[in-house]
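Enquirer: Predicted model and sequence follow; I will ask about them next.
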Amino acid sequence: MSGTASAGSKERFIGLEWLRFLLGLYIVIFHTLHSYPSISAWSHYVTDIGFFSTSAFFVLSGFLLTHVYLDEQHRMREPAKSFWLKRFSNLYPIHIGALLLAMGVSALVGYLMIAPGDGDISLRFVVYDVNNDIGQTDWKSLNHTMSPLETGINLLLNFTLLHAWNPLYLTFNPPSWSISALFFFYLTFPWLAPRLRRLQKPRRAILLLNLLYLVPPLIVIATTNYGVPETGILHRNPLIRLPEFAAGILLYTFYARRRDQQRQLTTGQCLGALAGIALSVAAALYLLGRGHAWYYLLHNGLLLPAQLVLIYLAAQWGEPRSERVRRWAARLGGASLPMFALHVPLFAVFSRVERVLSGDPSLCSSDFSACLGAAGELHLWLYPVFLVMTVALCVVFQERFVVRVRRFLLERLLQRSPRSHTDKLAQRSPR
């Protein structure tokens, strides 16, 4: 079950590629499955812990970047500036492409007004925080329409990848706050990673880090009524979420030590770890219904051990013999971050096209307003079609747009066109 590569070659984590893809797919389901009223009685059990996916992705990012960018002496393989430019060139095309798509779709949806509330959607429509994730706050109470000044400020924050620092509300393309947070993590990496990688007792450091991560939600629980800005800070502030990324660095330190000692998990240990993850998820689903306090504790720290175990298990998956499997693992893993960024505007388009087609589409050529008014309901049997289309579009977006723009940026920012060995390895790190 080992993921160790042969001597002289860099270890490849095919299991982590598949995990990246599944985390991206789950975040898509988390944000869209609730739109189908026919399954509302039970669908929340599937989506209640969608935040698990984002947190695990942050941990995974720290793990893989440590593997790729630190050498055997636990030093950066290249200057910090080069690392930052490469990370920026990976993230920015995804963010800007998704932002422009989301803004265009928001304007179109607000104009067409198919679903209830569409008339309120515009480029200035935002959502305050994530209290609604546990169904204990009325959705309308979370709505806000920005003033022209607020709109301009938040456009600037989005174009500069600083929008995760806004603790009041999510703007334009709400899931993209995770890209903003990732960029902050990347800024800290050249200083943070070598220091954490040199620690002699990574398990103890992970425990202390986990306890530190739980301090902010405990303060919010003890002193506030779960309003803004404190809930927005817990949800997406990059500094508050940094322990997840740092935990990934420490997890790689622990993994590398055990690998060097040739200590591998047995089948029984793997099954026990999987059972532990399942029990953690079951406990989380139960506790989420017990109030806001449990939501924020689970969101910010209580599930971190389960996320670390999941990534550690996935790292044990050996490289398959099939070149086709390896290639598809890399392609689907590479599309994971575009799935995070693109799924909201893609679902807005898909769901409204489906509703028009399920109504009386023949009216669209003669009376467009009547065609929109006759729009039908969403059908669950078409939901797999949306998921497949989203995955396919994100693969194409990554390979045909992001990779080309990244290459264009790097050729100019680094003033060289050939890619180094580190560049090639970096393709397997979170984008």
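Expert: Perfect, thanks for sending it.
Enquirer: what about the stretch 151-300 of the chain, any weak spots by pLDDT?
Expert: Scanning the stretch 151-300 of the chain for pLDDT under 70 picks out no residues.
Enquirer: all helices of it, in order?
Expert: For the stretch 151-300 of the chain, applying DSSP state H, counting those that start in this stretch gives helices covering 177-197, 202-223, 230-236, 238-260, 267-288, 292-297.
Enquirer: got the angle for the longest helix anywhere in the chain vs helix 177-197?
Expert: Ordering each helix of the chain by length in residues (DSSP state H) puts helix 80-112 first. Put simply, helix 80-112 runs at 160 degrees to helix 177-197, going by axes from the mean of the first three to the mean of the last three CA atoms, to 10 degrees.
Enquirer: coming back round to it: the helices of the stretch 151-300 of the chain: which one's closest to residue 157?
Expert: Among those, helix 177-197 comes nearest to residue 157, with 8.2 Å by CB to CB. For every residue, glycine as well, the C-beta is placed using N, CA and C.
Enquirer: That closest one: how far from the chain's middle?
Expert: 15 Å (CA atoms, centre = their mean, to the nearest Å).
Enquirer: counting contacts, what elements does the longest helix of the chain pack onto?
Expert: Secondary-structure packing of helix 80-112 (3 or more CB pairs under 8 Å, 6 or more residues apart in numbering; DSSP states H and E): helix 148-159, helix 177-197, helix 336-357, helix 403-413, helix 421-426.
Enquirer: For the second one, list the C-alpha coordinates in CSV.
Expert: Provided in CSV are the C-alpha atoms of helix 177-197 (Å, rounded to 0.1, in the frame of the first residue of the first chain):
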residue,chain,number,x,y,z
TRP,A,177,-12.8,32.9,-0.8
SER,A,178,-10.9,29.6,-0.6
ILE,A,179,-8.6,30.7,-3.4
SER,A,180,-7.9,34.0,-1.6
ALA,A,181,-7.1,32.0,1.6
LEU,A,182,-4.8,29.7,-0.4
PHE,A,183,-2.9,32.6,-1.8
PHE,A,184,-2.2,33.9,1.8
PHE,A,185,-1.1,30.4,2.8
TYR,A,186,1.3,30.4,-0.2
LEU,A,187,2.8,33.7,1.0
THR,A,188,3.6,32.2,4.4
PHE,A,189,5.0,28.9,3.0
PRO,A,190,8.7,29.8,2.4
TRP,A,191,9.0,31.0,6.0
LEU,A,192,6.6,28.5,7.7
ALA,A,193,7.3,25.2,5.9
PRO,A,194,11.1,24.8,6.6
ARG,A,195,10.6,25.6,10.3
LEU,A,196,7.7,23.1,10.7
ARG,A,197,9.5,20.5,8.6
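Enquirer: Report the buried residues of it.
Expert: 177-187, 189-190, 192-194, 196-197 (16 or more other CB atoms under 10 Å).
Enquirer: Now do it and helix 336-357, the angle between them.
Expert: 160 degrees.
Enquirer: What's the mean pLDDT across stretch 18-30?
Expert: Here stretch 18-30 scores 96 as its mean pLDDT.
Enquirer: Need the contact partners of that stretch.
Expert: With CB atoms under 8 Å, 6 or more residues apart in numbering as the test, stretch 18-30 has contacts from 46-47, 50, 52-54, 56-57, 60, 175, 310-311, 314, 317, 329, 332-333, 335-340, 343, 347, 387, 390-391, 394, 430.
Enquirer: gap between the two ends of stretch 41-60?
Expert: 33 Å (CA to CA, to the nearest Å).
Enquirer: any idea of the mean pLDDT in it?
Expert: 92.
Enquirer: Show me where the stretch 1-150 of the chain dips below the pLDDT cut-off.
Expert: For the stretch 1-150 of the chain, the stretches with pLDDT under 70 are 1-10, 109-143.
Enquirer: just the helices in it please.
Expert: Under DSSP H, counting those that start in this stretch, the stretch 1-150 of the chain gives helices at 14-32, 43-47, 51-69, 80-112, 148-159.
Enquirer: Tell me which of these approaches residue 375 most closely.
Expert: Evaluated with CB to CB, the helices of the stretch 1-150 of the chain place helix 80-112 nearest to residue 375, the distance being 9.4 Å.
Enquirer: can I assume residue 393 is in contact with residue 346?
Expert: Yes. With contact defined as CB atoms under 8 Å, residue 393 counts as touching residue 346 (6.6 Å).
Enquirer: Comparing the two, which residue is more hemmed in?
Expert: residue 346 (22 against 16; other CB atoms under 10 Å).
Enquirer: list the contacts for that one?
Expert: Per CB under 8 Å, 6+ apart, neighbours of residue 346: 101, 386, 389, 390, 393.
Enquirer: State the pLDDT value of it.
Expert: 94.
Enquirer: Please report how far it lies from residue 254.
Expert: 37 Å (CB to CB, to the nearest Å).
Enquirer: top of the contacts of residue 346 by neighbour count?
Expert: When neighbours are taken as other CB under 10 Å, the top entry among the contacts of residue 346 is residue 390 (22 neighbours).
Enquirer: tell me the contacts of it?
Expert: Neighbour list for residue 390: 28, 339, 342, 343, 346, 347 [criterion: CB under 8 Å, 6+ apart].
Enquirer: Just the CA trace of the helix or strand harbouring it, in CSV.
Expert: Applying DSSP states H and E as the criterion places residue 390 in helix 383-396. C-alpha atoms of helix 383-396 as CSV (Å, rounded to 0.1, in the frame of the first residue of the first chain):
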residue,chain,number,x,y,z
TYR,A,383,-28.5,16.0,-11.5
PRO,A,384,-25.8,13.4,-12.5
VAL,A,385,-25.8,15.0,-15.9
PHE,A,386,-24.9,18.3,-14.2
LEU,A,387,-22.1,16.7,-12.2
VAL,A,388,-20.6,15.0,-15.2
MET,A,389,-20.8,18.2,-17.3
THR,A,390,-19.2,20.2,-14.4
VAL,A,391,-16.3,17.8,-14.2
ALA,A,392,-15.8,17.7,-17.9
LEU,A,393,-15.9,21.5,-18.2
CYS,A,394,-13.5,22.0,-15.3
VAL,A,395,-11.0,19.5,-16.9
VAL,A,396,-11.2,21.5,-20.2
